[in-house]
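**Student:** Structure for this input, please:
(chains A and B)
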2 protein chains.
Amino acid sequence: MTKLERNALGRLVPVEINGEPAVPFPGVRKHRPTGRKAAPPIRSCVDYPADGNKVVADLKTALAAAGLRDGMTISTHHHLRNGDFVANAVFAAAAELGARDLRWFPSASFPIHAPQVAHLESGVLHHIEGSMNGPLGDYCSSGKMRGMAVLRSHGGRWQAIQDGEVHIDIAVIAAPTADAFGNATGDRGPAACGLLGFALADSMYADHVIVVTDNLVPFPCIPWQIQGNHVDQVVVMDSIGDASKIVSGTTEITKSPDRLLIAELTARFCDEVGIVHDGFSFQAGAGGTALSFAIFLRDIMRERKIKARFVRGGSNKYLTDMLEEGLTDYILDGQTFDLDGVRSMRENPRHVNTSPFTSYNWHGKGNFASILDVTVLGATEVDLNFNANVVTHSDGLLQHGIGGWQNCLFAKCTILPIPSFRDRIPVLLDEVTTICGPGELIDVVVTERGIAINPLRQDLLAAVRGSSLPIRALADIKGEVEEICGGKPERARFADKVVAAIKWVDGTVIDSVRQVGS
Amino acid sequence: MTKLERNALGRLVPVEINGEPAVPFPGVRKHRPTGRKAAPPIRSCVDYPADGNKVVADLKTALAAAGLRDGMTISTHHHLRNGDFVANAVFAAAAELGARDLRWFPSASFPIHAPQVAHLESGVLHHIEGSMNGPLGDYCSSGKMRGMAVLRSHGGRWQAIQDGEVHIDIAVIAAPTADAFGNATGDRGPAACGLLGFALADSMYADHVIVVTDNLVPFPCIPWQIQGNHVDQVVVMDSIGDASKIVSGTTEITKSPDRLLIAELTARFCDEVGIVHDGFSFQAGAGGTALSFAIFLRDIMRERKIKARFVRGGSNKYLTDMLEEGLTDYILDGQTFDLDGVRSMRENPRHVNTSPFTSYNWHGKGNFASILDVTVLGATEVDLNFNANVVTHSDGLLQHGIGGWQNCLFAKCTILPIPSFRDRIPVLLDEVTTICGPGELIDVVVTERGIAINPLRQDLLAAVRGSSLPIRALADIKGEVEEICGGKPERARFADKVVAAIKWVDGTVIDSVRQVGS
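**Tutor:** Below is the predicted model:
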């Protein structure tokens, strides 16, 4: 039985994860790291082809050359999203080579990665450390995975690799375009996805790095988002992904009147409290509400002739339009969500490629997230302490990753624009199913029934005094919602087994997820 | 007395340098590194300002915050060349703070850095590890420096930092433009120099990193050639350098008829042996002869409608013209030598910023140098074994750095176009004063009296069979030169004391330089 301890938020969390010690969350900004960063082996040009040609026959050859052994950790990345063909090919090859008990360390997994369930069943895979949804989320939640899942934010993944918490034996990087030396980019090619930032830490810290491409160009591949000097082998596949599932052809904004209202209230709130000023910055997530918020904000900026200094992406047509219209000096982008985002990143030097290192790594000398004037994020649940959940649903199933969500909470103002209930189930609760973000970092919750400001932010409460905005206490909104929905929601039923640990940005454990069912 | 051993080239080299063990050069591609890369301390955002503003009052404040102590290693860089104001300011501040016995680890030093002689005399500085010329070279050659100098190539400097051979306590990076977070670029600002690649390793591996700028811009400084996430403090000075001495306003080609002939012979040689073909690549140094070579080569390319895939810089107007004319797809640039180079790097996405990591690091997974079809370099002396010298003159004085010279020797064809004598002193010798590059890596020596091909390159000898080019044995040319100059040159007179160790690209010691005089 996993030994559990209560952390600073009162949540029971494991003190050992898959045989390694784990530190319970001691509070925001309380944990201090010690020691030195992970140090990959020193290599020598003696062992690499002088002409720079690192292409080998196939993935099996590359994995064998990497010294694939039982129990190793193999990483892949989610920049090809639900169109990714590479991760499945990697574990099919590893299975053919007879490997067992591997740890898969994806930056995220998608429904397309369902074939890994068979490898978990057969013993090729021991467990997954990375966000899971669809069939893999169900599998994990059912308690069938041998090891404990570990969910990290994008910044937390960088931190874990950099700090040596997760040692990657073999990183496999899907590259929409690459040269034979291993220089690689995501901004062009049949499977273009924009950028490869989620794979950057792996390229720097893994013992062995394999680049897989379906678009080999003559040296040099420019830009080199991944530097060939980190790469051991290059593998050419017919196709690394299904373009139609990698980025959208178009980006759809929400048509729901409630969500449009929430988005508009959020933009108006930002304006009224003085966030929208010349040289300001914002980040909005990828969902329909966040997107609509960006459009309402754009209209305010146009009307008032206000220019942002930078906008953080997830980019899409609406952000690139703002860049091209001159409403922002820069987009600092972590991923591109549609074809306009990919094109803009490829063509516009003011649309800048970032990585979890620059944007989110808590164990760096600062990062971009806390410089932002406002960040607008989603959540599956929020409780009266403003704690929020992004990984589980009210049924307890692990169905979402953390993404950059935890990292973004450090913005000067963090706003969650969310509906107060979904499918007649309240989103505002006494206690969230899983705490992913501590309430002290969540400043504002905007619902279709009103705006709740965290009492810790007396400055914001003062700024809206006398405003026509529907400012209300969170408990007040919650009470109204419970009346509409016929009471508090039924809590999910869990077994004792901890199936996943939720890491905080500093590597400590903020919560755990239990097997669903009793 | 320094203990010496004979290395694979028969040169006596120290087996201990400033108290640390040193490995005699065992032959090209013979040394294999072990162990893991240097690992800087893990930091936390807890200790950095959330708003990203790392500006402090002045250099003294920053050095004190960095915990400056006696015996520390401080690095600076030579991208501001003989116009640099920053290194002098650093050691003036360190002296005011009372520091003693510091090691200065510049990527190179210039005559403007003469004030450090006083700090060597007073005890603030213990010794310098980095190329020296002018007064510092004289000081070192005179045997007055307390520690032993260590000269490394640009790639060797990366290797030494990366491998932990040189631990940098405090890196100070002069930045022509920077933001308060520490993001920095060299491609704009009053002291624009092009790029900051020589400081990149320091930013990644030093315990403490200080950025010094005279052009502070609002976050984000784009491009971020140096990432603020590596930076501890930012200092603003009135002026970091004298623009007129950083890059030239214009680039001058040689007017010497002999050197023009050498340049033309070199270009014709490249053409006749088949190097000049569609998609080829070349690198030429910064000297007048190398520059003229590039112009002759350009004319051949124009005439034959041949396009290079990439050209390696040191860039200047002639290379950027070639890029703009479409004679090459890319310039992969390590430093810009004139204002056209700076402009092109700033404006043209095909003019790409490189670093010693991508281009030269021997302890990487390959590097760019060996991918080049031809590299054209200078030398102060060459001997009958094709060994060459770039650091000392015939008088024995240490007066030049290695630069990227050693790293470039790994090109598919390495050519030294040099005059056969200078100031009536033969350049072709029985034995060079200092071996910087082993003859087995030097393929061709082109003089005004003929072209000598290394007998190891039977393929090149075969390729010129029947050619009208003046192909001669090196000994033959050497004999003719000695007749003209009235015999072999007088050898410099040296004392026993080793004043400098010359490192090979892998960190082993290829030669030593002795105190001048007897």
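
**Student:** is stretch A:396-409 anywhere near chain B?
**Tutor:** No. Applying Cβ under 8 Å from any Cβ of the partner chain, one finds stretch A:396-409 out of contact with chain B, separated by at least 10.0 Å. In short, each C-beta sits where N, CA and C put it, glycine included.

**Student:** what separates that stretch from the chain centre, distance-wise?
**Tutor:** On the basis of Cα atoms, centre = their mean, to the nearest Å, the separation between the geometric centre of stretch A:396-409 and that of its chain is 7 Å.

**Student:** Check the burial of residue A:4 by counting its neighbours.
**Tutor:** Other residues near residue A:4 come to 17 when the count uses other Cβ atoms under 10 Å in any protein chain shown.

**Student:** who's in contact with it?
**Tutor:** The neighbourhood of residue A:4, defined by Cβ atoms under 8 Å, 6 or more residues apart in numbering or on different chains, consists of A:12, A:13, A:14, A:15, A:498, A:512.

**Student:** got it, and residue A:409?
**Tutor:** Taking Cβ under 8 Å, 6+ apart as the criterion, residue A:409 is in contact with A:369, A:375, A:377, A:437, A:441, A:442.

**Student:** Now with 6 Å, please.
**Tutor:** With Cβ atoms under 6 Å, 6 or more residues apart in numbering or on different chains as the criterion, the residues that contact residue A:409 are A:437, A:441.

**Student:** what does the stretch 151-300 of chain A put close to chain B?
**Tutor:** Proximity of the stretch 151-300 of chain A to chain B (Cβ under 6 Å from any Cβ of the partner chain) is limited to residues A:163, A:218, A:220, A:222, A:229, A:232.

**Student:** Return the member of those residues nearest to residue A:346.
**Tutor:** Of all those, residue A:346 sits closest to residue A:222, with 10.9 Å by Cβ to Cβ.

**Student:** which SS class is the closest one?
**Tutor:** The local conformation at residue A:222, judged by DSSP: H, G, I helix; E, B strand; the rest coil, is coil.

**Student:** Can you tell me the number of residues neighbouring it?
**Tutor:** Around residue A:222 sit 20 other residues, with neighbours defined as other Cβ under 10 Å.

**Student:** so what's it up against?
**Tutor:** Residue A:222 makes contact with residue B:352, according to Cβ under 6 Å, 6+ apart.

**Student:** now do residue A:83
**Tutor:** Taking Cβ under 6 Å, 6+ apart, we find residue A:83 in contact with A:241, A:242, A:245, A:246.

**Student:** any chance of those residues in TSV, with pLDDT and secondary structure too?
**Tutor:** Below are the contacts of residue A:83 laid out as TSV (pLDDT from 0 to 100; DSSP: H, G, I helix; E, B strand; the rest coil):
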residue	pLDDT	secondary structure
A:241	97	strand
A:242	96	coil
A:245	93	helix
A:246	92	helix
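
**Student:** Are any of the residues you listed buried, and if so which?
**Tutor:** In terms of neighbour count (16 or more other Cβ atoms under 10 Å in any protein chain shown), the buried residues within the contacts of residue A:83 are A:241, A:245, A:246.

**Student:** now the second one: how far from residue A:80?
**Tutor:** Taking Cβ to Cβ, to the nearest Å as the measure, residue A:245 falls 8 Å from residue A:80.

**Student:** One more: the last one?
**Tutor:** According to Cβ to Cβ, residue A:246 and residue A:80 sit 5 Å apart.

**Student:** Find residues that contact each of these two.
**Tutor:** Between them, residue A:246 and residue A:80 share these contacting residues under Cβ under 6 Å, 6+ apart: residue A:193.

**Student:** Work out for me the element the residue most central in space within chain A sits within.
**Tutor:** By Cα atoms, centre = their mean, chain A has its centre lying nearest to residue A:403, at 1.5 Å. For residue A:403, there is no enclosing helix or strand under DSSP states H and E.

**Student:** Please name the nearest non-neighbouring residue to it.
**Tutor:** If the residues on either side of it in the chain are set aside, residue A:403 comes closest to residue A:154, at 6.1 Å by Cβ to Cβ, 6 or more residues apart in numbering or on different chains.

**Student:** Repeat that for residue A:64.
**Tutor:** Leaving aside its chain neighbours, residue A:64 sits nearest to residue A:97 (6.4 Å; criterion: Cβ to Cβ, 6+ apart).

**Student:** Chain B contacts on the stretch 1-150 of chain A?
**Tutor:** Taking Cβ under 6 Å from any Cβ as the criterion, the stretch 1-150 of chain A approaches chain B at residues A:29, A:32-33, A:35-37, A:39-46, A:48, A:50, A:52.

**Student:** just the buried members of the residues you listed?
**Tutor:** When neighbours are counted using 16+ other Cβ under 10 Å, these contain these buried positions: A:29, A:33, A:37, A:39, A:40, A:42, A:43, A:44, A:45, A:48, A:50, A:52.

**Student:** Which two of the residues you listed have the greatest separation?
**Tutor:** Looking at those by Cβ to Cβ, the two members farthest from one another are A:29 and A:50, with 49.5 Å of separation.

**Student:** could you pull out the helices for the stretch 301-450 of chain A?
**Tutor:** A:317-325, A:339-347, A:356-359, A:405-408 (DSSP state H, counting those that start in this stretch).

**Student:** which residues touch the last one?
**Tutor:** Residues external to helix A:405-408 that are found in contact with it (Cβ under 6 Å, 6+ apart): A:153, A:155, A:360, A:369, A:375, A:377, A:390, A:437, A:505.

**Student:** again, only this time at 7 Å
**Tutor:** Counting by Cβ atoms under 7 Å, 6 or more residues apart in numbering or on different chains, the neighbours of helix A:405-408 from elsewhere in the structure are A:153-156, A:283, A:360, A:369, A:375, A:377, A:390, A:414, A:436-437, A:504-505.

**Student:** Chain B contacts on the stretch 301-450 of chain A?
**Tutor:** Taking Cβ under 7 Å from any Cβ of the partner chain as the criterion, the stretch 301-450 of chain A approaches chain B at residues A:309-310, A:330, A:332, A:349, A:352, A:357-358, A:361-367, A:370-371, A:410.

**Student:** Make sure residue A:127 is actually in contact with residue A:147.
**Tutor:** Yes. Using Cβ atoms under 7 Å, residue A:127 is in contact with residue A:147, at 2.8 Å.

**Student:** more neighbours, the two?
**Tutor:** Ranked by neighbour count (other Cβ under 10 Å), residue A:127 and residue A:147 place residue A:127 first, with 20 against 17.

**Student:** mind listing what that one touches?
**Tutor:** Residue A:127 makes contact with A:18, A:103, A:145, A:146, A:147, A:148, A:149, according to Cβ under 7 Å, 6+ apart.

**Student:** Show me the strands in the stretch 201-350 of chain A, by range?
**Tutor:** Shown for the stretch 201-350 of chain A, the strands assigned by DSSP state E, counting those that start in this stretch span residues A:208-213, A:233-236, A:281-284, A:308-315, A:328-336.

**Student:** To residue A:271, which of these lies closest?
**Tutor:** For residue A:271, the closest of the strands of the stretch 201-350 of chain A is strand A:281-284, at 11.6 Å, according to Cβ to Cβ.

**Student:** outside of that closest one, which residues touch it?
**Tutor:** Applying Cβ under 7 Å, 6+ apart, the external contacts of strand A:281-284 come out as A:290-291, A:293-294, A:297, A:308-312, A:371-376, A:408, A:411.

**Student:** For residue A:317, which non-adjacent residue is spatially closest?
**Tutor:** Using Cβ to Cβ, 6+ apart and skipping the chain neighbours, the partner closest in space to residue A:317 is residue A:340 (4.0 Å).

**Student:** What's the separation between the one you found and chain B?
**Tutor:** Separation of residue A:340 from chain B (Cβ to the nearest Cβ, to the nearest Å): 19 Å.

**Student:** Sweet, I'm off.
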